[in-house]
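Q: okay, predicted coordinates and the sequence, questions at the end:
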Amino acid sequence: MTIGAMVALLSLFLNLLTVPLRPKSRLEAENAALRHQLVVLQRKVRGRIEFTNGDRLFFILLYRLFPSILKAMAIVRPETVVRWHRAGFRRYWRWNSRGRGGRPPISAELRALIRRMSVENVLWGAPRIQGELLKLGFAVAQSTVARYMAKNDDPSGQSWSTFLRNHAPRITAMDLFVVPTIGFSRLHVLVIVRLARRELVWSNVTRHPMAEWIAQQITEAFPWNEAPRYLIRDQDGIYGTIVRRRLRAMGIRDKPVAPGSPWQNGYVERLIGTIRRECVDHLIVFGVAHLRRILGEYGAYYNGSRTHRALNLDAPVHRAAQITGAIKPRPVLGGLHHQYCRT
């Protein structure tokens, strides 16, 4: 006889000795566990034994009343029954801990509004947002507002877009670009743009740009009571002492960019690129007067009609939407562009 058989016989003998000492209810529980295991085995078709939620609930309840049934489990390991029991307890506890009153939940729309306010106004706290919501007809507690606010690591900070938007109305930029004529001579165009609305403030043409001429253009572009606070330019040697003195006299702070860094003056560089792509690249210039007329007409179209994505599809000079009336096109630069309006 093998050692395994001897151990099995010894275990059976000990169980037989302890049967009279077991309570009757305990024996009935173990028998019930054995019978239900047979039922589960009879349902098995092939492969792994499948337990239904009813099977799990039966074994869990039986285990809670009689933990000794683990010794009678043959088709499932004892730790599996314990795991079922713990999972069932977690579900029961969630059900037992559900909300039974308190403040009614707020709508998803109001939660989104609270988060939007906290994101768009980083300096606002829960009391400030609560007061704003009260003015909009939403009665909500301050603790609820604080719960749904967006988390901000630096509530006293601001984004770069906000910082630049607050300073852009006082900032302008200028630059020169070259346009060839029909006789291959070069004309120099000076453009000045105001950063806040991408407005083309000034443009003029000359054959021989000098510091005196640029200083005169700055004076004509800005009335003394409407001069900007800062003016951005590149490091071209044409901006001499006369230009710097004129800016200082007008109360404008001169802000030259770093050498060889045109991207630091991106607004005016973008404007020059737009003028080239949409205007002078499609025309042959005869002379100074011709180019001035072209730039004057395009400048009026650029400021008053041309929409910009950065301005929410508005023009630099606000263009009101027209709803009624017949749509009529007005040609710009002989039909190179058209302005559409209702009459």
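A: That came in fine, so what should we check first?

Q: residues touching Ala33, list them.
A: Applying Cβ atoms under 8 Å, 6 or more residues apart in numbering, we find Ala33 in contact with 59, 62, 69, 72-73. The way it works is simple: take the backbone N, C-alpha and C, and place the C-beta from them, glycine included.

Q: would you agree it falls within a helix?
A: Yes. Using DSSP: H, G, I helix; E, B strand; the rest coil, the assignment for Ala33 is a helix.

Q: ranges for the strands of the stretch 151-300 of the chain?
A: Along the stretch 151-300 of the chain, the segments classed as strands by DSSP state E, counting those that start in this stretch run 171-180, 186-194, 199-206, 230-233, 253-256.

Q: could these go into TSV alongside mean pLDDT, mean neighbour count and distance to Glu50?
A: Output for those, formatted as TSV (pLDDT from 0 to 100; neighbours: other Cβ atoms under 10 Å; distance: least, Cβ to Cβ, whole Å):
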stretch	mean pLDDT	mean neighbour count	distance to Glu50
strand 171-180	94	19	73
strand 186-194	95	20	74
strand 199-206	94	19	74
strand 230-233	92	20	75
strand 253-256	91	15	76
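
Q: to Gln322, which of those lies closest?
A: strand 199-206 (21.4 Å; Cβ to Cβ).

Q: and the closest one, which strands flank it?
A: Strand 199-206 pairs in its sheet with strand 186-194 (antiparallel), by DSSP bridges.

Q: okay if I get the strands of the stretch 151-300 of the chain as JSON lines plus distance to Gly131?
A: Rendered in JSON lines, the data for the strands of the stretch 151-300 of the chain read as follows (distance: least, Cβ to Cβ, whole Å):
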{"stretch": "strand 171-180", "distance to Gly131": "34"}
{"stretch": "strand 186-194", "distance to Gly131": "36"}
{"stretch": "strand 199-206", "distance to Gly131": "37"}
{"stretch": "strand 230-233", "distance to Gly131": "37"}
{"stretch": "strand 253-256", "distance to Gly131": "39"}
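
Q: closest one to Arg342 among those?
A: strand 199-206 (24.2 Å).

Q: what angle separates that closest one from strand 171-180?
A: Put simply, strand 199-206 runs at 40 degrees to strand 171-180, going by axes from the mean of the first three to the mean of the last three Cα atoms, to 10 degrees.

Q: extract the C-alpha trace of strand 199-206 and format it as PDB.
A: Extracted as PDB, the C-alpha positions of strand 199-206 are listed here (Å, rounded to 0.1, in the frame of the first residue of the first chain):
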ATOM      1  CA  GLU A 199      -4.700  96.600 -38.000                       C
ATOM      2  CA  LEU A 200      -2.600  98.000 -40.800                       C
ATOM      3  CA  VAL A 201      -1.900 101.500 -39.300                       C
ATOM      4  CA  TRP A 202       0.400 102.900 -41.900                       C
ATOM      5  CA  SER A 203       2.000 102.100 -45.200                       C
ATOM      6  CA  ASN A 204       4.100 104.200 -47.600                       C
ATOM      7  CA  VAL A 205       6.600 103.800 -50.400                       C
ATOM      8  CA  THR A 206      10.000 105.300 -51.200                       C
END
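
Q: what residues does it touch?
A: 172, 179, 187-194, 213, 217, 220-222, 271, 288, 291-292, 295-296, 299, 302-303, 316-317.

Q: quick check: which ranges of this structure have low pLDDT?
A: 1-24, 44-48, 74-76, 78, 81, 98-104, 153-161 (pLDDT under 70).

Q: show me it divided up by domain.
A: Domain assignment for the chain by automatic domain parsing gives 20-91, 114-154, 166-342.

Q: many thanks, have a good one.
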